[in-house]
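> Predicted model and sequence follow; I will ask about them next.
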Amino acid sequence: MPGSPISVLVATRNPGKVREIADLLPGDSGLSFHTLDEAGISPQPGEESVEVHETFAENARAKAAFFHPLSDGWVLAEDSGLCVDALDGAPGVGSKRFSNRADLSGEALDRANIDALLRALEEVPAEKRGAEFRCAVALLTPDGRAETSAGVCRGRIRSRPRGGGGFGYDPLFVPEGFGRTMAELRPEEKHAISHRGRAFGKLAELLIGLT
Ligand code: IMP
């Protein structure tokens with residue numbers, strides 16, 4: 001794609017998320033991605049209470065809309081999580097805080113969430129441990145148009161964590177058609193089948209008509 005890339009503000013303070021998004025979209029997408037901090041946007045009052053909705057799509061749209069007035073025009077937001085059949089879709093939009101450990105972050109929080117999920121599923125037999133990762137992406141354009149896409153990855157929850165890659169619930173999640181957990185897949189294997197990979201694959205198709 002000719003010309004200088006369009007700069008897209010990603011509604012996150014996590015540089016890892018922006019790197020992953022750049023990896024998921026084709027190199028010739030014509031876009032470059034920046035975190036809120038890279039764009040010089042300091043923490044805003046109310047920022048922490050934007051993701052209060054019951055669906056991933058609503059949360060992604062709300063996050064993009066919150067930061068749109070502070071951007072140069074293009075804003076991308078995503079929300080994702082794990083929905084477990086035997087828990088009626090929980091932890092769902094509450095995936096990040098399932099363990100209720102507001103004092104933890106990073107790998108310590110991931111471990112606490114994994115322990116909380118294993119406890120919640122203690123009595124659930126192997127054949128009833130179906131689950132899916134879901135991801136919703138919202139892209140707001142300079143004229144305020146919203147493009148959204150979503151991706152799902154089905155699998156099952158193991159009774160013990162395995163593997164050192166990925167993040168979050170990856171060590172417990174065995175994707176359909178695999179004998180390994182998400183945490184045992186190579187990054188490119190995960191991207192090809194993951195909820196996030198699928199959501200961004202669909203977004204890339206939408207972008208062809210937009211940029
Ligand atoms: P957020 O999108 O940063 O609000 O966090 C969503 C939460 O869902 C993460 O903290 C993880 O616990 C979980 N999650 C989302 N995507 C994945 C994934 O690809 N692997 C493992 N856990 C995930």
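Looks like it came in fine.

> Dump the helix or strand encompassing R119 to CSV, restricted to CA.
In this assignment (DSSP states H and E), R119 forms part of helix 106-120. The C-alpha trace of helix 106-120 is given here as CSV (Å, rounded to 0.1, in the frame of the first residue of the first chain):
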residue,chain,number,x,y,z
GLY,A,106,0.8,-10.0,35.3
GLU,A,107,1.8,-13.6,35.8
ALA,A,108,0.8,-13.7,39.5
LEU,A,109,-2.7,-12.6,38.5
ASP,A,110,-2.8,-15.2,35.7
ARG,A,111,-1.8,-18.0,38.2
ALA,A,112,-4.5,-16.8,40.7
ASN,A,113,-7.1,-16.8,37.9
ILE,A,114,-6.1,-20.3,36.8
ASP,A,115,-6.4,-21.6,40.4
ALA,A,116,-9.8,-20.0,40.8
LEU,A,117,-11.0,-21.6,37.5
LEU,A,118,-9.7,-25.0,38.6
ARG,A,119,-11.5,-24.7,41.9
ALA,A,120,-14.8,-23.7,40.2
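
> tell me the mean pLDDT over it?
For helix 106-120, mean pLDDT is 97.

> how about that helix: buried residues?
By neighbour count on 16 or more other C-beta atoms under 10 Å, the buried set for helix 106-120 is 109-110, 112-114, 116-117, 120. To be clear about C-beta, it is placed using only N, CA and C from the backbone, and glycine gets the same treatment.

> The ligand: which of those is nearest?
Comparing the buried residues of helix 106-120 against the ligand with C-beta to the nearest ligand atom places N113 closest, at 5.6 Å.

> pretty sure that closest one contacts F98?
Yes: N113 lies in contact with F98 (C-beta atoms under 8 Å); the separation is 4.9 Å.

> tell me the contacts of Y169?
Y169 sits next to 82, 95, 110, 113-114, 117, 133, 182 when contact means C-beta atoms under 8 Å, 6 or more residues apart in numbering.
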